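Asker: Pasting the sequence and the predicted model now:
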Amino acid sequence: MSKALHQKPRMLGNKRTRLAIVASKYNERYTNALVDAVIDELGEYLPQARVDLVRVPGAFEIPVTVKALINLEQPTVVIALGVIIEGETAHADLVARSVTDALQKIAVQSRTPIIHEVLLCSTEEQAAQRCLNEDMNRGIEAARAAAAMVDVFSEIDRNGNLRMLPTNV
């Protein structure tokens, strides 16, 4: 497990940026902490962006909701948040794999970045470390990744061409 968060991105001022957060209600103590961290951190990097929050019952419902939002709202980036804690059966692994595969497929097909922070944790202690601990909070990491992808995709025009920036910028 990485103990370092990604480097802070630069502040972006695009008013047209629209982000969506799809967060599970299951394991709410942890997912609420992730949501709060994402929103706080996004305010630092994308202060003028519109951020929509949609809550779903559990992690399994995240991909279909992400797909619907992309089709209806066309957000610049989607952040998927959830916490799955392993139990005595393989159910957690099945849900986590299904969510991961579906989110990747949706991202590639829609050409919309999806930040995947649906965490599969072995214990509640692991969930607490990743969601409640400020030094390792995966919500902060998700927001930084989202801001970085807004920056990357702002360099790609509607025709799919990468605009080259001067190297001294």
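Answerer: Received the coordinates, thanks.
Asker: ok, now which ones touch A96?
Answerer: Neighbour list for A96: 59, 84, 118, 120 [criterion: C-beta atoms under 8 Å, 6 or more residues apart in numbering]. All C-beta atoms are positioned from the backbone trio N, CA, C, and that covers glycine.
Asker: Let's have the residues you listed in CSV, adding pLDDT.
Answerer: Converted to CSV, the contacts of A96 look like this (pLDDT from 0 to 100):
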residue, pLDDT
A59, 97
I84, 97
V118, 97
L120, 96
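Asker: so who does the closest residue to L132 other than its chain neighbours touch?
Answerer: Distances taken as C-beta to C-beta, 6 or more residues apart in numbering put A33 closest to L132, at 5.3 Å, once the chain neighbours are dropped. Listed by C-beta under 8 Å, 6+ apart, the contact set of A33 reads 131-132, 137, 139.
Asker: how far away is A33 from L69?
Answerer: Distance, A33 to L69, using C-beta to C-beta, to the nearest Å: 22 Å.
Asker: looking at this, the residue nearest to L132 is in a helix?
Answerer: Yes: assessed with DSSP: H, G, I helix; E, B strand; the rest coil, A33 lies in a helix.
Asker: gap between it and A142?
Answerer: 12 Å.
Asker: do V150 as well
Answerer: 13 Å.
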